[in-house]
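Q: coordinates only, no sequence provided:
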């Protein structure tokens with residue numbers, strides 16, 4: 001299998017396990033690693049239904065308009081452990097408010113060695129030389145209008161992709177809008193990765209809504225479509241524990257669902273005990289935040305996603321506000 005074929009195989013894996021139905025264009029676009037949910041454990045736990053809820057430095061990978069919601073300077077770090085020994089040892093983001101305008105940036109790196117590679121008959125091939133080294137860096141800006149009811153944002157992203165020696169460097173743009181007409185409803189729309197050929201990176205269009213039910217329940221919904229996959233539908237619910245039960249911060253529990261292909265059965269005893277061994281499309285997580293850490297705001301988010309026979313995905317995100 002030559003380098004190009006290996007790269008296609010890797011793209012097919014990314015596409016098939018990122019909760020999009022496979023269609024005739026699967027594996028025809030580069031940058032598939034951008035769709036695995038790097039950078040926000042909260043978004044992943046909510047079934048990747050985050051375009052209308054995006055805020056702060058997290059917004060740079062979902063909807064750049066959400067960057068404008070930032071009220072304080074933020075620094076974030078996230079670690080994602082994915083399937084097939086893929087992980088992102090580096091994801092960092094920063095947001096800097098300047099009045100009604102907020103600037104931000106992020107950088108991410110993904111790597112894997114010894115990937116599972118097979119020939120056209122499904123026979124495993126020697127894989128010691130199969131390495132993945134992908135990454136991206138983003139600079140974005142957003143601004144609020146009409147008394148913080150409308151947020152507009154844009155970003156430029158540089159993408160580096162090295163899948164088994166098949167190397168591509170691409171620069172693309174993002175644009176987004178966030179509408180918050182009241183304290184109950186939020187609407188989000190984003191167009192991502194435009195300005196390049198599909199062979200380099202697939203464009204993604206996202207649209208969704210968020211609903212706040214009282215003080216303790218938040219619902220997010222999203223429909224998205226990438227050029228090389230089917231339609232992705234997601235919904236997530238966040239339950240906020242009343243603050244009177246906690247002395248130093250906030251605690252939230254999250255659950256989400258997205259339309260994933262059947263990825264088979266896991267033989268993990270832990271997942272079998274939880275009746276999640278056949279799960280392909282559920283996500284879970286929690287979040288902690290305190291504003292009383294030596295004068296700083298500190299946040300910790302965790303997401304857990306079963307992926308059937310492929311294993312499980314974990315992501316942990318940490319954020320400091322100052």
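A: Done, it's in. Note that the structure is a prediction, hence the values are computed from the model and not measured.

Q: quick one, strands of the protein?
A: Ranges of strands in the chain, per DSSP state E, are 74-81, 87-98, 101-113, 131-145, 150-163, 166-179, 185-194, 204-213, 217-226, 231-240, 250-258, 282-293, 296-306, 312-321.

Q: so what secondary structure elements neighbour the shortest one?
A: By that I understand strand 74-81. Judged by 3 or more CB pairs under 8 Å, 6 or more residues apart in numbering; DSSP states H and E, strand 74-81 is in contact with strand 87-98, strand 312-321. C-betas here are computed from N, CA, C, even on glycine.

Q: other SSEs contacting the longest one?
A: In terms of contacts (3+ CB pairs under 8 Å, 6+ apart), strand 87-98 is packed against strand 74-81, strand 101-113.

Q: now do the last one
A: Here strand 312-321 touches helix 41-45, strand 74-81, strand 296-306, going by 3+ CB pairs under 8 Å, 6+ apart.

Q: which of these sits closest to residue 205?
A: Ranking the helices and strands packed on strand 312-321 by proximity to residue 205 (CB to CB) places helix 41-45 first, at 16.7 Å.

Q: next, format the strands of the chain as TSV and append mean pLDDT and mean neighbour count.
A: Conversion of those to TSV gives the following (pLDDT from 0 to 100; neighbours: other CB atoms under 10 Å):
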stretch	mean pLDDT	mean neighbour count
strand 74-81	94	20
strand 87-98	91	18
strand 101-113	90	20
strand 131-145	92	20
strand 150-163	93	21
strand 166-179	92	18
strand 185-194	97	21
strand 204-213	96	19
strand 217-226	96	21
strand 231-240	95	20
strand 250-258	95	19
strand 282-293	90	18
strand 296-306	94	20
strand 312-321	94	20
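
Q: which one of the ones you listed lies closest to residue 266?
A: Smallest distance to residue 266 across those (CB to CB): 6.6 Å, for strand 296-306.

Q: tell me the strands beside the closest one, with direction?
A: Using DSSP bridges, strand 296-306 pairs in its sheet with strand 282-293 (antiparallel), strand 312-321 (antiparallel).

Q: now render the ones you listed as JSON lines, adding distance to residue 192.
A: Formatted as JSON lines, those follow (distance: least, CB to CB, whole Å):
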{"stretch": "strand 282-293", "distance to residue 192": "21"}
{"stretch": "strand 312-321", "distance to residue 192": "19"}
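
Q: so which of those strands is nearest residue 44?
A: Between residue 44 and those, the tightest spacing by CB to CB is seen for strand 312-321, at 5.3 Å.

Q: where does the residue nearest the centre of the chain land on pLDDT?
A: The chain has residue 37 as the residue nearest its centroid, 2.3 Å off, counting by CA atoms, centre = their mean. The score at residue 37 is 83. That number is its pLDDT.

Q: how about residue 115?
A: pLDDT recorded at residue 115 is 59.

Q: ok, back up a step: now the residue nearest to the centre of the chain: closest residue in space, sequence neighbours ignored.
A: Of all residues not flanking residue 37 in the chain, residue 44 sits nearest, at 4.5 Å (CB to CB, 6 or more residues apart in numbering).

Q: isn't the one you found right up against residue 284?
A: No. Between residue 44 and residue 284 there is no contact under CB atoms under 8 Å: 9.7 Å.

Q: find residues that contact each of these two.
A: Listed contacts common to residue 44 and residue 284 are 256, 303, 305; contacts here mean CB atoms under 8 Å, 6 or more residues apart in numbering.

Q: mind putting the residues you listed into a markdown table with distance to residue 171?
A: Rendered in a markdown table, the data for these read as follows (distance: CB to CB, whole Å):
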| residue | distance to residue 171 |
| --- | --- |
| 256 | 32 |
| 303 | 29 |
| 305 | 30 |
